[in-house]
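A.B. asks: With the input below, show me the fold.
(chains A and B)
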Amino acid sequence: MSDSSDKGSPLTPAPGSGSGARSSPVTARGRNAFARTTGAAARNDRLFNVFVWAVGIIVILFILGLLFMLLRKGLPQLSWDFLVGLPSEIEEGGGIGPALFNSFYILFLSLAISIPLGMAAGIYLAEFAPDNRFIGFIRICVEGLSSVPSIIFGLFGISLFVDIFHLDLTILGGAVSLAFLNLPMLTRVTEESLRSVPTELKSASFALGSTHLQTIRTVLIPVAMNGIVTGICLTAGRAFGESAVIILTAGVTTSGELWDFNLLSPGETLAVHLWYVQSEAIVPDAGDIAQKATAVLIMIVLAINLVFRLPLWMKARKLKG
Amino acid sequence: MQATALIEINKLNLFYGAFQALKHVSLEIPQRAITAFIGPSGCGKSTLLRTLNRMNDMIPGARVEGSIEIGGTDIYAGDVHVETLRKKVGMVFQQPNPFPKSIYDNVAYGPRLHGITKKRELDEIVENSLRSAALWNEVKDHLKRSALSLSGGQQQRLCIARALAVGPDVLLMDEATSALDPISTIKIEELAQELKDRYTIVMVTHNMHQAARVSHQTVFFLNGEVVEYSATEKLFSDPSDQRTEDYISGRFG
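C.D. replies: A predicted model of the protein is given here:
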C-alpha cells in the first residue's frame, strides 16, 4: 500500500503550541515525564474510587448483617420434626409441614402456568409484534402491571374465584392469581433478553437457511437464557415469599394433611403462616416458630436461585474446558 | 468472461421505502470464479449482495423489481423457498459472528437445521468444512471449546466453515476481512483462492487492493448503478469510464 498519504500528527506538540504549554516534552532529562498528575481530575478520580469502594463495602456488610440477624436464632433450632410437623393451634411444638408443602406446590403450579405464557408473550413482543402504537400501548400496560401492588392481584383473584366461580379459598385460586402476578414480569424479562441478542447472530442463523422458529429456538432463546433465568429466579423468589395474594385467594389455613395435592384445599403457604403466627396465633412458642420459619424461607429462596443457575454455570464451564 | 454465467441479474431496481438503492442493475456473474463489488460507501454494493440470498427481505419497506436468476431459476419467484435458497447461497459477514456455542456446534448448526442428526455424518461434515476453511489443524484438538475463544481471524474462518457446512454453490462475502488484521486478511484471501475452484464467490470489499489481488471480475458501483464491469486486470489498469479511473486512483471515495 504505497498510496497512504496519512498526515500523522507528531508525537510531541510543536513548540509553543498553546494548550500543551504546561507539560514538558517527554524527552526532558532528569525527571519522570509521566509522573502522576495533581490536577482536579486526578483528585476527583481518587475520591470517586474511595467513595465507590466505601459504598460497596457498606452495602455488602449490611446484607450480610441482615442475613445473620435473620438466621441467627432460627437456623440452629431447625429440626426435621419442625419442617414436616403439623401446625398446632394451642400447644407448643407445632410444625410447618403443610404450609411448606403448599408453598412449593403453589409456586410450582403458578410457574407452570406463567412461564410458558410469559415467555410466549415476550417472544411475540420481541419477534413478531408489528411496530405500531397499539403494541406500544400493550408494552406500557405490561410494564405498568409488573409494578402493580400484589394485593390488587389478590383482590382480582378473590373476585374471580370466590365471587364468580364460587370456589372458596383454594390452592387453585392462589396458584392462578400468583401466576397473574408473575406474568408481566416474565413477559418483560423475556422480551428484554431476546432484544439484547446481537442482530449479527440472528442474521448468521437466517443466512444458513433457518426458519424464524428455528432461529428463535436454537439461537435467540439459548443466548437470552441467562437473562431469562435471572428473571425467573427473581419472580420465583418473590412468588415464594408472596403473602397478600395468598391470604386473599388461598386463605390462612391448611387442610391439616401433609401431602395434600387436592387443588381445592385451602392453601396457606409458609410466608402466610409466618404472618399468621406473628399476628394472630395464640401458641406460646409463636416467636420461635416465626424465627425458624424465617430461616427456612430465606434458605429456600437462596436454594431456588442456586437450582435455576446451576445448569447455566455447568454449561459455561463446559464451554471453557 | 471465461466461464459460464451462474447468476444473471436483469434490470434490478431496489427500493427502501421511497429511496432507490439500486438502479437498473444488470450483471452476469460467472461460475467458479471470484467477482468483486467495489465502490464508495452507500453505493449499493452490499445491498446487491444481500439480494442474492434475499437477506433484504427482512428489512421493512424493501422492495425489488426486475429479476435475479441463479442457475436459471428466478429467486424472487413466488414458489422459491427462501430457506432452501440460503442453503445454496451462503454468506459471510463483515464482523465475525460465531454463535456462543462450541466450535463443533457452530459448524454443525446448519446441517442440524436441515435435518442431519447422525453423529458420524455430522463429524464428517464438520471435519471437511473446517478443512476447507483451513482451520482444521488449529482447532481439531479442542472442538468442544467455545468459538468465542478463537481469534478474530479464526472466528471468520469458522464462519466460512459454518457457511460451507450446508453445502452451498455460491458464497457471498460481505467485506469479510474489513474487521481483521493484515495477516488474517491474507489468510482469508488465500482461502478464497482455494475455494473458487469449487464455489462461485461474490465479495464486497472496501479495499481496492484486495479486489485487484483476489478477483477475476470487478464491478464498480456508484450511487446504486453499475459504472463498469470488466476483468479485474482491465478495470484496474485500463478503466474505460472516467469515474472508475477517478475512484481507483483515489481521487474520491
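
A.B. asks: B:I9 contacts B:I68, correct?
C.D. replies: Yes - counting by Cβ atoms under 8 Å, B:I9 does reach B:I68; the two are 5.1 Å apart. For the C-beta atoms, the positions are set from N, CA and C on the backbone; glycine is no exception.

A.B. asks: Please name the residues that touch the most centrally placed residue in chain B.
C.D. replies: Residue closest to the average C-alpha location in chain B (Cα atoms, centre = their mean): B:L172, at 1.4 Å. The neighbourhood of B:L172, defined by Cβ atoms under 8 Å, 6 or more residues apart in numbering or on different chains, consists of B:49-50, B:52-53, B:89-92, B:201-203.

A.B. asks: Apply 10 Å and report the result again.
C.D. replies: B:L172 makes contact with A:207, B:37, B:46, B:49-50, B:52-53, B:55, B:89-93, B:163, B:200-204, according to Cβ atoms under 10 Å, 6 or more residues apart in numbering or on different chains.

A.B. asks: just B:I68 next, same as before
C.D. replies: For B:I68, counting by Cβ under 10 Å, 6+ apart, the contacting residues are B:7-10, B:12, B:25, B:27, B:29, B:48, B:51-52, B:54, B:74-77.

A.B. asks: Could you do A:L248 as well?
C.D. replies: A:L248 makes contacts with A:150-151, A:153-159, A:161-162, A:169, A:173-174, A:177, as judged by Cβ under 10 Å, 6+ apart.

A.B. asks: Need the buried ones from those selected in PyMOL.
C.D. replies: The buried subset of those, as determined by 16 or more other Cβ atoms under 10 Å in any protein chain shown, is captured in PyMOL by this line:
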select buried, chain A and resi 150+153+154+155+156+157+158+161+162+169+173+174+177
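
A.B. asks: just to revisit the earlier point, so for B:I9 and B:I68, which residues contact both of them?
C.D. replies: Common neighbours of B:I9 and B:I68, counting by Cβ under 10 Å, 6+ apart, are B:25, B:27, B:29, B:48, B:51-52.

A.B. asks: Among those residues, which ones are in helices?
C.D. replies: Within the shared contacts of B:I9 and B:I68, residues falling in helices by DSSP state H are B:48, B:51-52.

A.B. asks: on that earlier part again, closest one to chain A out of the shared contacts of B:I9 and B:I68, please.
C.D. replies: Checking the shared contacts of B:I9 and B:I68 against chain A by Cβ to the nearest Cβ gives B:L52 as the nearest, at 11.0 Å.

A.B. asks: How confident was the prediction at B:L113?
C.D. replies: Turning to B:L113, the model gives it a pLDDT of 92.

A.B. asks: er, B:I68 I mean
C.D. replies: Checking the pLDDT column for B:I68, the value is 94.

A.B. asks: Mind listing what's buried along the strand or helix carrying B:Q156?
C.D. replies: Using DSSP states H and E, the secondary-structure element containing B:Q156 is helix B:152-164. Neighbour counts using 16+ other Cβ under 10 Å place B:153-164 of helix B:152-164 among the buried residues.

A.B. asks: of those, list those near chain A.
C.D. replies: Near chain A, taking Cβ under 10 Å from any Cβ of the partner chain as the test, the members of those found are B:159, B:162-163.

A.B. asks: Same list (the residues you listed) but as TSV, adding pLDDT.
C.D. replies: Conversion of those to TSV gives the following (pLDDT from 0 to 100):
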residue	pLDDT
B:C159	96
B:R162	96
B:A163	96
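
A.B. asks: Between these, which sits nearest A:P266?
C.D. replies: Compare each of those with A:P266 using Cβ to Cβ and the shortest gap goes to B:R162, at 56.6 Å.

A.B. asks: Pretty sure the closest one sits against A:A207.
C.D. replies: Yes - contact between B:R162 and A:A207 holds when scored by Cβ atoms under 10 Å: they sit 9.4 Å apart.

A.B. asks: Please enumerate the shared neighbours of the two.
C.D. replies: B:90, B:92, B:97, B:110.

A.B. asks: Serialize the residues you listed to CSV and add fields for secondary structure, neighbour count and distance to A:T199.
C.D. replies: Formatted as CSV, the entries for those read as follows, by DSSP: H, G, I helix; E, B strand; the rest coil; neighbours: other Cβ atoms under 10 Å in any protein chain shown; distance: Cβ to Cβ, whole Å:
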residue, secondary structure, neighbour count, distance to A:T199
B:G90, strand, 27, 19
B:V92, strand, 27, 16
B:N97, coil, 22, 9
B:G110, helix, 27, 19
